[in-house]
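Student: From the sequence below, what's the structure:
(chains A and B)
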Amino acid sequence: MENKFTNKEVAALLRNVSAAYQVKGLNYFQIRAYDTASDAIENTASDIKTLWEQGKLDQIPGIGTHIANYLDEYLTTGKVRHFESVFRQVPEDMFRFLKIPGVGPKTAVKIANSGVVSIKDLEERIKSGWLLKHDFGQKTLDNILRGIEEFNRKSDRYLLPIAGEIAKDVVNYLKQNKDVVYADPLGSLRRRLSTVGDIDIAAATRNPKGVLNHFVKYPGIHEVIEKGDTTATILHGSGIHADLMVQPPNHYGSLLQHFTGSKSHNIHLRSLAKEKGYSISEYGVKEIKSGKSLEFEKEEGIYKLLGMETPIPEIREDTGEIEAALENKIPRLIDLKDIKGDLHTHSSWSDGQNTISEMAEAAAQLGREYIALTDHSYPSLKFEQRIKDIEQFNYSQDKIRVIYGLEVNINVDATLQIADEILERHELILVSIHTSFRQEKDLMTKRIIKALENPNVDIFAHPTGRLLLEREGIEADWEQIFKVAARTGTLIEIDAYPNRLDLPDTLVREAKRFGVRFTICTDAHHTDQLNLMEYGISVARRGWLEPKDVVNTLPFEKLRDILKFD
DNA sequence: GCCGTTTTCGGCCCGACTGTTTTCAGTCG
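Tutor: Predicted coordinates for the structure are as follows:
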């Protein structure tokens, strides 16, 4: 069972209401209202329970008076009488089957009504042929089995670089076909989400059939899931799905726009288009009155038609980018080329693989003006000797300035790992949590705030401590933490390491609203990892950060003023 | 059930693919 009253759990509750309504055959738009509300809660950066405590539930678009009242009842009493009565009218076991990809409400009910009680039971009864006698076709059962297999895989998501590599390989393979004019990875990969669930690829061609046939012969394929006239889905050997959608080149802009998403961005855009007399699909734009079709080879044309600038893919989440684009008010967001230095790296003085000079020279190669070596502050570390070594390196060359820093643990009792006298001797201090991640929310918040208020502390590194696909982040009152960070001038890090990407994008945007400033750093433990910066940039762009929000876009002289060392 | 610079009523994005169907329902993106 999920933790009660988390966004995820509340979203799941509403999703179940939607499923039950579907079974009961209620009005389609009423059903969709629950889906919309569920999506909205899942995608909002704010904690639903906190919003409720502040009486701001109805500020979430998609939550109106009815659902807000139900949620109020839920968060107060732990249940909703109306929902309970709805759930009683459908088979109780159906909800567990909804977790299987490919199984929707209708199928789930049919499974439950046949007497199957669990997913494991379902798998056995399909394999034994038992279910075949209960009005299911063999192909349907094969599909369900495949869904169960997918459900049983440990994770259904992939880190951004991993999915990116696979997508690149598939796209390169597609481009070997002479009929492919363009091919690009789209979807969440193009929007640069921290984890990716499947790979969406668009291709432009005048020979759709040929290209789709080529696609399903990709050597790294496990099996073909589906194949039609314009789309096909394969299961890649890695376990990830790859969807291909093809269009002629003169419609490619529409395909790019459609397939980049997000779903909620597209829905909003299409509603807007409708108000202006257009109907948008992946095939093009239709003028509703005249029935005339408009073609777009580039997606910018579609946005322009609607009187707006083209939002960068990273922010197409329907979280205000459409409104901003209509007013031409999307800021120039940060880019990799804005980055001047890296402020969180490790050397062989702690758990890094390379020496100070190796790290520094590799960073200089990447065009960085400065690099902070922030080794873990093991109490046994010879701090003075390390500082001397770094100073010596700085004297020996003028390609790059090495800043001597430390990464210091925030202890469970809110003290820091080492004494203030040692902190003061260093130019840059990062603090971070490496123990007691599951501390209770209030205590955790106080623990962090105390560390941020220490005048020697410059940066709060990988704030949530999450490890993507492995470990959830800590629970804390982020609003309070951001307020303190803004007041004390403590910088918040976006850790670019691909399994961290921490602070997460939604919280980045939230923090910016409080006036927090950021660093984007690689946390490199090896020279090869210094180029992971691009992943941190993706997070920052998704969080709407501009160059001015990020201090390591500054040249060294200006950075020095901010960090107050001499 | 939600929403509103045209609206507090009457709309609500748009389409593909599969299965087991002779015209559609279910699921997905």
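Student: List the residues that contact the residue of the stretch 151-300 of chain A found nearest DNA strand B.
Tutor: The minimum distance from the stretch 151-300 of chain A to DNA strand B, using C-beta to the nearest atom of the strand, falls at residue A:228 (2.0 Å). (Glycine included, C-beta is placed from N, CA and C.) Residue A:228 is in contact with residue A:212, counting by C-beta atoms under 8 Å, 6 or more residues apart in numbering.
Student: chain center to stretch A:310-318, what's the gap?
Tutor: Centre-to-centre, stretch A:310-318 and its host chain are 13 Å apart (C-alpha atoms, centre = their mean, to the nearest Å).
Student: taking the mean pLDDT, what do you get for that stretch?
Tutor: If you average the pLDDT over stretch A:310-318, you get 96.
Student: Tally up the residues packed near the closest residue to DNA strand B within the stretch 51-200 of chain A, please.
Tutor: At 1.5 Å from DNA strand B, residue A:137 is the closest residue in the stretch 51-200 of chain A, using C-beta to the nearest atom of the strand. By other C-beta atoms under 10 Å, 9 other residues sit near residue A:137.
Student: Please name the residues that touch residue A:168.
Tutor: By C-beta under 8 Å, 6+ apart, residue A:168 lies in contact with residue A:185.
Student: what about it, which SS state?
Tutor: Of the three states, residue A:168 takes helix under DSSP: H, G, I helix; E, B strand; the rest coil.
Student: Do you know the pLDDT at it?
Tutor: 96.
Student: if I look at the nearest residue to residue A:197 once chain neighbours are set aside, how far off is residue A:40?
Tutor: In space, and not counting its chain neighbours, residue A:197 is closest to residue A:157: 5.2 Å by C-beta to C-beta, 6 or more residues apart in numbering. Going from residue A:157 to residue A:40 by C-beta to C-beta, to the nearest Å gives 21 Å.
Student: Looking only at neighbour counts, state which of these two leads.
Tutor: Neighbour tally, residue A:157 and residue A:40, criterion other C-beta under 10 Å: the higher count belongs to residue A:40, 20 against 17.
Student: Not including adjacent chain positions, what is the nearest residue to the more buried one?
Tutor: That would be residue A:62: by C-beta to C-beta, 6+ apart, it lies 3.9 Å from residue A:40.
Student: Please list all residues in contact with that neighbour.
Tutor: Applying C-beta under 8 Å, 6+ apart, we find residue A:62 in contact with A:33, A:36, A:37, A:39, A:40.
Student: next one: residue A:332
Tutor: Residues near residue A:332 by C-beta under 8 Å, 6+ apart: A:546, A:547.
Student: Point out the residues in the stretch 101-250 of chain A that sit beside DNA strand B.
Tutor: Those residues of the stretch 101-250 of chain A that sit near DNA strand B, judged by C-beta under 7 Å from any atom of the strand, are A:101-108, A:136-140, A:142-143, A:187, A:198, A:200, A:226-231, A:241, A:243.
Student: next structured bit after the lengthiest helix in chain A?
Tutor: Using DSSP state H, we find that the single longest helix of chain A is helix A:7-24. Later in the chain than helix A:7-24, the nearest helix or strand by DSSP states H and E is helix A:28-43.
Student: hmm, who's touching that following helix?
Tutor: With C-beta under 8 Å, 6+ apart as the contact definition, helix A:28-43 has outside contacts at A:7-8, A:10-12, A:14-15, A:17-18, A:21-22, A:48, A:60-64, A:67, A:263-264, A:317, A:319, A:506.
Student: Name the residues of that helix that are buried.
Tutor: Residues A:31, A:33, A:34, A:35, A:36, A:37, A:38, A:39, A:40, A:41, A:43 are the ones in helix A:28-43 that count as buried (16 or more other C-beta atoms under 10 Å).
Student: now swap in stretch A:323-340 and tell me
Tutor: Residues of stretch A:323-340 classed as buried under the neighbour-count rule (16+ other C-beta under 10 Å) are A:324, A:325, A:330, A:333, A:334, A:338, A:339, A:340.
Student: Tell me the one among the contacts of residue A:62 nearest to DNA strand B.
Tutor: Of all the contacts of residue A:62, residue A:33 has the smallest distance to DNA strand B: 3.4 Å, by C-beta to the nearest atom of the strand.
Student: tell me the secondary structure for the closest residue to residue A:428 other than its chain neighbours?
Tutor: In space, and not counting its chain neighbours, residue A:428 is closest to residue A:405: 3.3 Å by C-beta to C-beta, 6+ apart. Of the three states, residue A:405 takes strand under three-state DSSP.
Student: ok so, going back, kindly supply the PyMOL command isolating those of the residues of the stretch 101-250 of chain A next to DNA strand B that are buried.
Tutor: Buried subset of those, written as a PyMOL selection, criterion 16+ other C-beta under 10 Å:
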select buried, chain A and resi 101+103+105+107+108+136+140+143+187+198+200+231+241+243
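Student: Give me the subset of the residues of the stretch 101-250 of chain A next to DNA strand B that lies in strands.
Tutor: Among those, DSSP state E puts A:198, A:200, A:226, A:227, A:231, A:241, A:243 in strands.
Student: and those residues as JSON lines, adding pLDDT?
Tutor: Below are those laid out as JSON lines (pLDDT from 0 to 100):
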{"residue": "A:198", "pLDDT": "94"}
{"residue": "A:200", "pLDDT": "97"}
{"residue": "A:226", "pLDDT": "94"}
{"residue": "A:227", "pLDDT": "95"}
{"residue": "A:231", "pLDDT": "96"}
{"residue": "A:241", "pLDDT": "93"}
{"residue": "A:243", "pLDDT": "96"}
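Student: want to throw these into TSV with distance to residue A:275?
Tutor: Formatted as TSV, those follow (distance: C-beta to C-beta, whole Å):
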residue	distance to residue A:275
A:198	32
A:200	28
A:226	34
A:227	36
A:231	29
A:241	34
A:243	30
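Student: so which of the residues you listed comes closest to residue A:379?
Tutor: Of all those, residue A:379 sits closest to residue A:198, with 46.5 Å by C-beta to C-beta.
Student: May I have the beta-bridge partners of the closest one?
Tutor: Beta bridges link residue A:198 to residue A:241, judged by DSSP bridges.
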